[in-house]
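> for reference, the sequence and a predicted model appear below.
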Amino acid sequence: MSATGTLVQRFRDLRALVLGDAMLDSYLSGRASRLCSEGPAPVVQKTAEERLPGGAANTAANLRALGADVCFAGVTGADAAGALLRAALHERGVTDRWLLADDTLPTLHKLRILAGDQYLVRFDEGERYHLGVETHARLLAHLDDAFARCDVVVISDYRYGAVTDAVIARLRDLRRQRPGVPLVVDSKELRRFRDVGATVIAPNHEEARLAVDPTSAPAGPARWPEAERLAHRLLALADARFVAITLAEQGVCLLERGSVARHLPAHLVPGAHDVGAGDTFTAALALALAAGAGCEAAVQLGIDAAGIAVTKPRTATVAASELLHWAELRDGALPPGVGALAARLAAARQAGRRIVFTNGVFDILHTGHIELLRQAKALGDLLVVGVNSDASVRRLKGPGRPINHERDRLALVAALDAVDHALLFDDDTPAGLIRALRPHVHVKGGDYASAALPEAAAVREAGGQVVILPLVAGRGTTQVIDRVLSLAVRPPRELEVAP
């Protein structure tokens, strides 16, 4: 196992304290096929309803999914939304022992309504609040108790009211008593935490800009020179050791006090869903620090976790097994694109979709290929096709092959309706791809016996099955090449000249 894999496995021995604003994220999904007769609005026929932990509760859920024991200190209302949030946390293994109920406050609730994948509207309940005297005292007591038990502390401050000035002052005092406990601060108002002695402050670009210059106007997408400037100014403002500014698809700007800024790139994920991805990043970063990683390695693991989260719809959590798998792929230096595809397929698998894999040279595309791929797709929901690189084809079939370049062969396969994903691989067998992508079904064409396949062991390791599909008689690349060569040597009968 790689060093990163060993690090992820240590997460299950850790206890994390999360302090912040608890929210409920609700999603009502449906189909919109007509407009309402009462006004110019779509009528949505509900097909699904999801209740998920949001805000600091999402950070807590991600910490638990990654393997840690979690103390989540926050506040909800004594209302239906609060009960739904507690149920959602219980489903994800997070106890509500440390979560206070205040009957004078509404639970923070974000209700999203979607038609298909299109957002129609979001309703928000709750706004900035002031804790009652009794609730505030109990929250401080919970902080004292939980801090003494934890291996890492995460502040998830959305600035609604749970993290008061008195809470920050108590945190500062507790931090002096246990300075070795990593403290990660993610806040929409970082100036309030400038003297708590954070290990890492982890704002996004907009939060960093407002912390440095609260009166500045939005500057558009983050640029590296500006991110580096903000990082230096943040460390001048706060007594943190590190600042990690998240820059969405551009990655992270990491700066250690007294050092130079580092740019850690993100994984490019088409159609990314970024709701809550920052919470996932913070959770993985915090646990990696507590497990003994240096800050750069911890930030990289946070990027990996967020890269998985954005492949999933809705407010998502990332399991330790998913992060471990992704990290092993990255450490194994698999070809570009394999890690991102593995994450997308992991999300599809979690959603109940069946993944089919097949591979081949596809040198001269013909009807036999088309029929094989059509039948393969019928065995599941997503069809992934591995295409042999030019180098691997030459090793397998000799110096005269392939006829067509790997880029052309890949483009033709990817353009077929039955194919959802296509990618090149350079090995003699697809065993490495199968271990990385973990398909439910591996399809081969011909008269193989599954036990004789060199990749059969990899299929079993991935928990899949081998399906052998018969080839279309007389339809093969070799036959097509032989036919072309015969025509080159002797013209077709209709072109022959009579004596």
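Received it, and whenever you're ready, just let me know what you need. Residues are numbered from 1 along each chain as shown.
> give the contact list for the residue nearest in space to the middle of the chain.
Geometric centre of the chain, nearest residue: residue 308, 1.4 Å, by Cα atoms, centre = their mean. Contact partners of residue 308, counting by Cβ atoms under 8 Å, 6 or more residues apart in numbering, are 280, 318, 322-323, 326, 343, 346-347. Yep, even glycine has a C-beta here, placed from its N, CA and C like the rest.
> from the residues you listed, which ones fall inside strands?
Judged by DSSP state E, strands contain none of these.
> of all those residues, which comes closest to residue 50?
Set against residue 50, the nearest of the contacts of residue 308 by Cβ to Cβ is residue 347 (14.7 Å).
> so the closest one sits against residue 310, correct?
No - with contacts counted by Cβ atoms under 8 Å, residue 347 stays clear of residue 310, the gap being 9.4 Å.
> ok, these two, which is more surrounded?
More crowded of residue 347 and residue 310, by other Cβ atoms under 10 Å: residue 310, with 24 against 20.
> for residue 56, see how far away the more buried one is.
Relative to residue 56, residue 310 is positioned 20 Å away (Cβ to Cβ, to the nearest Å).
> same question, residue 415
According to Cβ to Cβ, residue 415 stands 45 Å off from residue 56.
> pick out whichever of the two has more residues nearby.
Set side by side, residue 415 and residue 56 show more neighbours around residue 56, with 30 against 10, by other Cβ under 10 Å.
> tell me the contacts of the more buried one?
By Cβ under 8 Å, 6+ apart, the neighbours of residue 56 are 18-23, 72, 74, 156-158, 162, 279.
> tell me the pLDDT at it?
Residue 56 is assigned 97 on the pLDDT scale.
> quick one: contacts for the nearest residue to it once chain neighbours are set aside?
Excluding the flanking residues, the one nearest residue 56 by Cβ to Cβ, 6 or more residues apart in numbering is residue 20, at 3.0 Å. By Cβ under 8 Å, 6+ apart, the contact set of residue 20 is 55-56, 59, 74, 154-158, 162-163.
> ok, these vs residue 117, which is closest?
Nearest to residue 117, judged by Cβ to Cβ, of the contacts of residue 20 is residue 55 at 22.9 Å.
> report the beta-bridge partners for the closest one.
Beta-bridge pairing of residue 55, defined through DSSP bridges, involves residue 22.
> any idea how far it is from residue 80?
The value you get for residue 55 to residue 80, if Cβ to Cβ is used, is 18 Å.
> and the helices in the stretch 51-200 of the chain?
Ranges of helices in the stretch 51-200 of the chain, per DSSP state H, counting those that start in this stretch, are 56-65, 80-91, 133-149, 165-177.
> again, but for the stretch 201-350 of the chain
With DSSP H, counting those that start in this stretch as the criterion, the stretch 201-350 of the chain has helices spanning 205-212, 224-237, 277-290, 295-309, 320-331, 338-350.
> adding distance to residue 43, write the ones you listed out as TSV.
What follows is the helices of the stretch 201-350 of the chain, written out as TSV (distance: least, Cβ to Cβ, whole Å):
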stretch	distance to residue 43
helix 205-212	36
helix 224-237	45
helix 277-290	32
helix 295-309	32
helix 320-331	37
helix 338-350	30
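> about what we covered before: out of the contacts of residue 56, who's the most crowded?
residue 18 (34 neighbours).
> re the thing from before, who's more crowded, residue 55 and residue 80?
Relative neighbour count places residue 55 above the other of residue 55 and residue 80, with 25 against 11, counting by other Cβ under 10 Å.
> residues of the host helix or strand of residue 396 that come out buried?
Applying DSSP states H and E as the criterion places residue 396 in helix 390-397. In terms of neighbour count (16 or more other Cβ atoms under 10 Å), helix 390-397 has its buried residues at 390, 392-393.
> list of residues touching that helix?
361, 363, 388, 401-402, 405-406, 425-428.
> which of those residues has the most neighbours?
Of all the contacts of helix 390-397, the highest neighbour tally under other Cβ under 10 Å goes to residue 388, namely 28 neighbours.
> residues contacting that residue?
By Cβ under 8 Å, 6+ apart, the contact list for residue 388 reads 359-361, 396, 402, 406, 424-425.
> swap the cut-off to 7 Å and go again
By Cβ atoms under 7 Å, 6 or more residues apart in numbering, the contact set of residue 388 is 361, 425.
> and for residue 85?
So residue 85 contacts 22, 24, 53, 57, 76, 107 (Cβ under 7 Å, 6+ apart).
> of these, which is the nearest to residue 242?
Nearest to residue 242 out of the contacts of residue 85 is residue 57 (Cβ to Cβ; 25.4 Å).
> doesn't residue 22 make contact with that closest one?
Yes - using Cβ atoms under 7 Å, residue 57 makes contact with residue 22 at a distance of 4.7 Å.
> where does the protein dip in pLDDT?
1-2, 219-220, 222, 267-273, 327-337, 447-452, 472-499 (pLDDT under 70).
> ok, 50 please
Along the chain, segments meeting pLDDT under 50 span 333, 495-499.
> count the neighbours of the nearest residue to residue 171 once chain neighbours are set aside for me.
Among residues not flanking residue 171 along the chain, residue 196 sits closest, at 5.6 Å (Cβ to Cβ, 6+ apart). Residue 196 has 22 neighbours, counted by other Cβ under 10 Å.
> what of residue 410?
20.
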